[in-house]
Every structure is written in C-alpha cells, then in structure tokens.
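Peer 1: Structure for this input, please:
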Amino acid sequence: MTLYIFFLGLWLLLPGPAQLLAAGKEMTPPEEHLLASAYPAGEVLHYDVTWLGMTAGRLTMAVKQLDDRGELLALEITARTAGLLGKIYPVRDTFRVVVRGPARLPSHYRIDQHQGERRNIRTTIYNQERRLIVYQRNQDPVERFTVAGPVHNEFSAFYAMRIMPLALGKSVVIPTFADRERHDVEVMVEKIESIDSILGRRESLQVRPQLTFVGLYEKAGDPQIWLTDDQYRVPLRVRSRIAIGSLTATLTYYQGPAGEFPSP
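Peer 2: All right, here's what the predicted structure looks like:
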C-alpha cells in the first residue's frame with residue numbers, strides 16, 4: 001500500500017490506451033490572491049499517518065521555486081512506511097511534479113517507488129496546450145493520451161484545491177486524469193468546524209472530493225480533508241476509509257507564510 005494514495009484524495013494517474021475523451025465541465029479558476037499564501041514556494045508539510053490507532057507511515061511535502069518570477073514550481077513529496085508496517089513492508093516513494101502558470105497545471109511528473117525489493121520509475125509529460133499526455137513506466141513502450149481539456153494529476157489537484165473559491169455547501173471542479181480518462185472531480189465544503197492542531201485550535205473547512213473512479217485500490221468512500229479557514233488553507237488532517245478501517249494523516253510540522261509550527 002502506498003501511503004500517498006489516501007492523503008491526496010485518491011487522485012491517481014493510471015495510464016491506458018490512447019483515446020480522445022469527451023469534453024466535460026470547465027475547471028474552476030483559482031483565486032489569484034491565494035497563490036502566494038496557500039500555494040507558496042518554500043512551504044514544507046510533515047504528516048504522521050495512522051491506521052487502526054497504529055503508526056503506519058510519514059509524509060513530507062515541499063514546494064520549491066524553479067524560476068525568478070515564481071511561475072514554475074516543483075512539488076516534491078516523500079512517502080514511507082513506519083512502525084511495525086515499516087518493518088514488515090518497507091516503502092519509500094518519492095514524487096516530483098513540475099507545475100506552471102497561475103492555474104498550477106502539471107507539465108512533468110516523475111515517480112520513483114521502492115516497495116520491498118521492487119523499484120518502479122514512472123514518467124509523465126503533460127502538454128496542456130496540445131491536450132497531450134505522454135507516459136512511460138520503466139522501459140515499457142511509451143503511451144500517449146489525448147484529453148479534451150486541461151488536467152491535473154493527484155498532487156497538483158490536491159494543491160489546486162487549496163486555492164479554489166471554497167464556500168460552505170458549494171463545489172468546485174478540478175479535472176483530473178485517472179483510470180484512463182479525464183474526470184471532473186467536484187470538491188465540496190461540507191461544514192466548518194474548529195479542530196485542534198499544531199497551529200492551535202483553528203476554524204477549518206471540511207472538504208470532500210467526490211470521486212467517480214477507483215484508482216490503485218478499491219476505495220471504501222470519498223476522503224475528508226480539513227483545511228484552515230483562512231488565506232493559508234493549511235491541510236491539518238486527512239482521513240480516508242479503506243477496506244479495513246481508515247487511514248488518518250495528521251499535520252506534525254508546518255513551515256510557510258503562516259509561520260513555523262513544529263510538533264509539541
């Protein structure tokens with residue numbers, strides 16, 4: 001089990017035969033004033049992952065600036081198992097997504113997965129202007145896909161959600177390429193509640209991506225994500241049900257525009 005799956009709302013990239021997909025809904029445009037605070041270069045997030053009350057893994061996510069104007073960014077993520085699970089089934093996966101422009105759409109994506117004694121490298125190139133996606137796993141033949149509009153992948157979609165015009169009872173649309181097609185993923189704010197976190201007690205938006213695809217494993221329900229209800233939209237907690245119980249990621253370290261908050 002790769003730990004990043006549930007944490008990023010199960011937005012998963014699974015390649016298939018090249019095909020032209022029917023046009024869907026338009027992507028909700030981001031709120032530009034949130035780009036510097038909720039999608040900032042230099043932000044670092046650490047999470048502890050628990051399953052059935054036990055430590056299951058750890059996640060680190062960072063945003064790095066690649067150009068002078070801040071229009072080209074890299075999302076760098078590391079996921080690894082920990083505790084007893086880490087001894088039974090050691091996993092260390094690294095992901096790097098290059099995004100560009102105010103919509104933060106992906107242009108390049110590389111996955112390096114170490115699971116037990118196995119290693120897989122996957123590379124995806126997104127030509128958003130030509131609506132073309134090129135994918136290769138290890139030394140397998142290159143596969144090409146044509147889509148009907150701009151698309152995100154699992155990581156760029158998670159970050160894009162933070163800069164959307166979120167409001168209670170309303171939904172936004174984040175088109176995502178998964179399970180061999182373009183999905184119009186709707187993300188809805190279900191309620192606003194106060195939760196305790198390393199940032200203190202904060203008002204948070206409880207959002208739920210409404211998924212119409214399965215991904216790498218049979219999900220048992222849409223994930224829940226708690227974002228601070230402010231200009232930073234810090235992801236404080238993520239919970240996803242799986243076949244047995246649920247996985248919960250809890251923020252243990254934050255560095256960004258809101259300050260620096262280490263775990264007590």
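Peer 1: which stretches of this structure form helices?
Peer 2: For the chain, the helices defined by DSSP state H occupy 4-7, 35-38, 83-88, 154-162.
Peer 1: what's the third one in contact with?
Peer 2: Counting by Cβ atoms under 8 Å, 6 or more residues apart in numbering, the neighbours of helix 83-88 from elsewhere in the structure are 51, 54-57, 80. All C-beta spots, glycine's among them, are computed from the backbone N, C-alpha and C.
Peer 1: who wins for most neighbours among those residues?
Peer 2: With neighbours taken as other Cβ atoms under 10 Å, the top of the contacts of helix 83-88 is Gly57, carrying 26 neighbours.
Peer 1: For it, give me the pLDDT.
Peer 2: We have a pLDDT of 93 for Gly57.
Peer 1: So Met164 is in contact with Met27, correct?
Peer 2: No - in this structure, Met164 is not within contact of Met27 by Cβ atoms under 8 Å, at 9.5 Å.
Peer 1: list residues touching both of the two?
Peer 2: Ile174.
Peer 1: that older thread, what's the least confident stretch among the helices of the chain?
Peer 2: Across the helices of the chain, the lowest-scoring stretch is helix 4-7, with a mean of 40.
Peer 1: for the stretch 101-250 of the chain, what spans make up the strands?
Peer 2: In the stretch 101-250 of the chain, the segments counted as strands under DSSP state E, counting those that start in this stretch are 105-115, 118-127, 132-137, 143-146, 171-178, 181-197, 200-210, 224-228, 235-241, 246-256.
Peer 1: Output these as CSV; include the columns mean neighbour count and mean pLDDT.
Peer 2: Converted to CSV, the strands of the stretch 101-250 of the chain look like this (neighbours: other Cβ atoms under 10 Å; pLDDT from 0 to 100):
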stretch, mean neighbour count, mean pLDDT
strand 105-115, 18, 93
strand 118-127, 15, 93
strand 132-137, 17, 94
strand 143-146, 16, 94
strand 171-178, 23, 90
strand 181-197, 17, 92
strand 200-210, 17, 93
strand 224-228, 22, 96
strand 235-241, 20, 90
strand 246-256, 19, 94
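Peer 1: a markdown table for the ones you listed, including distance to Val63?
Peer 2: As requested, the strands of the stretch 101-250 of the chain are exported to a markdown table (distance: least, Cβ to Cβ, whole Å):
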| stretch | distance to Val63 |
| --- | --- |
| strand 105-115 | 13 |
| strand 118-127 | 18 |
| strand 132-137 | 23 |
| strand 143-146 | 27 |
| strand 171-178 | 18 |
| strand 181-197 | 20 |
| strand 200-210 | 20 |
| strand 224-228 | 16 |
| strand 235-241 | 13 |
| strand 246-256 | 8 |
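Peer 1: These: which one's closest to Ser37?
Peer 2: Comparing the strands of the stretch 101-250 of the chain by their distance to Ser37 (Cβ to Cβ), the top pick is strand 246-256, with 8.2 Å.
Peer 1: Contacts for the closest one, please.
Peer 2: Against strand 246-256 from outside (Cβ under 8 Å, 6+ apart): 3, 6-7, 40, 42-51, 56, 59, 197-199, 232, 234-240, 260-263.
Peer 1: Beta-bridge partners for Glu203, please?
Peer 2: Note on Glu203: beta-bridge partners Ser194, judged by DSSP bridges.
Peer 1: burial of Arg233, as a residue count?
Peer 2: A count of neighbours around Arg233, defined by other Cβ under 10 Å, yields 24.
Peer 1: for it, what are its contacts?
Peer 2: Counting by Cβ under 8 Å, 6+ apart, Arg233 has contacts 34, 37-38, 162-163, 166, 205, 227.
Peer 1: Quick check: Ala74 vs His108, distance?
Peer 2: Distance, Ala74 to His108, using Cβ to Cβ, to the nearest Å: 9 Å.
Peer 1: shared neighbours of these two, which are they?
Peer 2: Residues touching both Ala74 and His108 by Cβ under 8 Å, 6+ apart: 96-98.
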